[in-house]
Structures are given as C-alpha cells and as structure tokens.
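**Student:** how does the following fold in three dimensions:
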Amino acid sequence: MELVYTDSTDNRTGSVSMSEALGQSETFLNFQEQISRVAPIDRPVLILGERGTGKELASARLHFLSRRWQKPFVTLNCAALSATLIESELFGYEKGAFTGAGTRRIGRFEQADGGTLFLDEIGNIPMEVQEKILRVVEYGRFERVGAVNPVHTDVRIVGAANVDLAQMARLGHFKQDLLDRLSFEVIYVPPLRVRTGDVMLLANHFAGRMAFELGFDQVPEFGRKAVQGLESHAWPGNIRELKNVVERAVYKTNGPVITRIDFSPFESPYGSLPGPGTPSVKQAESRTTVLTADKKSIRDTETVLDINEDAILPLAELADLPLKKAVLALERFRLSQALTAARFNQKQAAANLGLSYDQFRGLKKKHGM
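**Tutor:** Numbering: from 1, shown residues only. Sure, this is the predicted structure:
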C-alpha cells in the first residue's frame, strides 16, 4: 500500500510505502496500537523518536486511518529550510510581498486544507513562526506573507522530532503554548534495538525488494554469521541504517548466501583519511612526529608545531596531550562534529550534544568557531 503526499521541498507528489511498517515484536505492536487508537481523533499528535525509526511512516499511517484519509497528506521537513523560508513555505505569500515574489503562492496549510500537515523536525521552526502556527491551531486562520485578509483552513497537524521538545520549551527554545496544543497525544517510536525479533523480519523484506530490483532469480539468504551480526548490531541509525546495510549486502553478494555484512562503507583499505582541521595526507606522509613532554608540543623532522586551543585533532592523538589541551581539543572536535551532523543548525547541534542553546553558543564563542 502506498500513500500519496506532497513533497516538502517542492510541489511534486511522492509516496510513502506503508509496507515498510513491518514488525511482530510486542513493542512494535503496542506502538501501532497507539497510532490506531488516536488516528480517528481529530486532534494534533506529536511523534518523537530517534533518527531513522520511521516517524514519517507513522504520520502517514495516522493520516490513512483518520477520517481525513481521502484528503491531502502534505509534508514539510523544517530542517531542510532556512528560518527565512519556513514562514513563506507554511503560509504562502502574496504577489510583491518581497523581492522575487512575482505571483501569489499558497503555502502548506492551504495545500493541506481538509487533510493532514506533517511537520518533520518541528523543533527547528523559529519562535516567531511558532506564534503563527499557534494561531492556526487555535483559530483555524492565518495571513499569507504580505497579506491583510485572513485565510481559513481546516488542517490536522502531526509534528515529529528527534529531540526533547519539553526540554526545549523549558529552556525557552520552543513555545510552551504551542507545545501544549500539539501534544494532545505524544507517541514515541521504538528504536530498532528494543524491537526483539524484528531485525531479521525487516532484513529479509529489504533483501527481497533489493533482489527484485537487481533482477536476481532468487533472494539470497543470510548465513549464520550474517544473522548474528545483524541481530547483535546496535543500529544507531535504526531502520534507515538497516535498510542501507541489507541492500548493500545483497548488491555485493556473489552467491545464494550472504556471508559478510559491511556495517560501514567508510573503512578504507589504504588507511584512514585526515579529519577536519588535520594535516593533508601528503603532509602526514612527509613528517614524523614525536611527543616532547618538556615543550608540550609535537615535534616533526622539520619544525615544532605548538598545540593551540584552536586545533581539531583526531581522537587517537588526545591521549598524548596535556590534560587541559586534550579537553580543549575534544570540545572543539565535538562542536565541529555536531555542527556538521546537524547541517550547521545550531539548535539541533546543541540538542544532539545534550546542551542548552546558550551553553552551545558559549562554547562556540570560547573556541572562536
């Protein structure tokens, strides 16, 4: 079964494959029961869970089981848009509202009229836009950017996030009034690691689909060691990671049995590449470095490189540094890593590090980043 939706980055239509919502564990079945129970109730719902757990699938099931199932299911990935674009994407704009607004454009709320609007990564929405969303939830109306007259709409909002929205509200990074209105029901998507027995069910499903796509005469089976590897893996990326790993294993197999699982394709046979802020491969090959504790520096064959507080070092090198230098280097490494993973969304990076937004900005300022 596939459900048609409007894509979050343009006006193309796509589909969500409901067949991927598979599971037989008690945890998964309880989660599905929560969805079925709240789906007919015409109220907002929040879906919280780790990355890759299937939050969009859950929102699609909510819509499909609701009384709005024949109306539009519109999605918006709030993390994919800058703060300045989210408002116009949600509410639309009038001709001449800003430079480049040559024609009137309707927003997601109008597109979803009568149906469901799924706001993914809802924690990324700026506070000023949250105020306008609150008005839509409370009064069912809004104004397009650059307009005076209100537009009326009937939309069920389903929000999703992989961060603690309640904590964000306590820290002042999410509007508490909006959170109260959206949290009629809060559903937590179970991570794959707690879904006992579901890993191989999903793995065989993904293997079958990949084998069909590749035109294989038969679906390769997983060998004993492959099964052990799949079942013992922690799956930090959850179902999205499992699907990618299984599809890669099917693609690389040369026979009817899959004997080897590559959990990461980033293991170079030629040695690891330098990380952010580290010397290039050519530079690394041309020097020999030794620690000189008395000077607290790294000395190579040509020069002495003092370790400063701005350096981002590979984790393996931290053990050779004085404690204060190592702590500073680790802080900077984690900040850089978090920013990259969050696509330089500072609020998301702060949440991923377990820091408040103010704490994150303080560290960032401390390291001059």
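**Student:** what about the closest residue to residue 94 other than its chain neighbours, distance to residue 95?
**Tutor:** Nearest non-adjacent residue to residue 94, counting by CB to CB, 6 or more residues apart in numbering: residue 146, 4.0 Å away. C-beta coordinates here come from the backbone N, C-alpha and C atoms, glycine included. Going from residue 146 to residue 95 by CB to CB, to the nearest Å gives 8 Å.
**Student:** of these two, who's got more company?
**Tutor:** residue 146 (15 against 11; other CB atoms under 10 Å).
**Student:** confidence score at the more buried one?
**Tutor:** pLDDT recorded at residue 146 is 86.
**Student:** that one against residue 100, yeah?
**Tutor:** No. The criterion here is CB atoms under 8 Å, and residue 146 misses it with residue 100 at 12.0 Å.
**Student:** what residues are up against residue 102?
**Tutor:** residue 95 (CB atoms under 8 Å, 6 or more residues apart in numbering).
**Student:** re earlier: mutual contacts of residue 146 and residue 95, please.
**Tutor:** residue 101.
**Student:** center of this protein, which residue is that?
**Tutor:** residue 51 (4.8 Å; CA atoms, centre = their mean).
**Student:** for that residue, which non-adjacent residue is closest in space?
**Tutor:** The nearest residue in space to residue 51 (CB to CB, 6+ apart) is residue 162, at 5.3 Å.
**Student:** the helix or strand that contains residue 133: how far from the chain's middle?
**Tutor:** Assessed by DSSP states H and E, residue 133 sits inside helix 127-139. What separates the centre of helix 127-139 from the centre of its chain is 24 Å, taken as CA atoms, centre = their mean, to the nearest Å.
**Student:** give me the mean pLDDT for that helix.
**Tutor:** For helix 127-139, the mean per-residue pLDDT is 94.
**Student:** start at 19 instead
**Tutor:** Yes, from this point I'll number from 19; that puts the last item at helix 145-157.
**Student:** buried ones in it, by neighbour count?
**Tutor:** 147, 148, 150, 151, 152, 154, 155 (16 or more other CB atoms under 10 Å).
**Student:** which stretches of the stretch 119-268 of the chain form strands?
**Tutor:** For the stretch 119-268 of the chain, applying DSSP state E, counting those that start in this stretch gives strands covering 134-138, 159-160, 169-170, 174-179, 203-206, 239-240.
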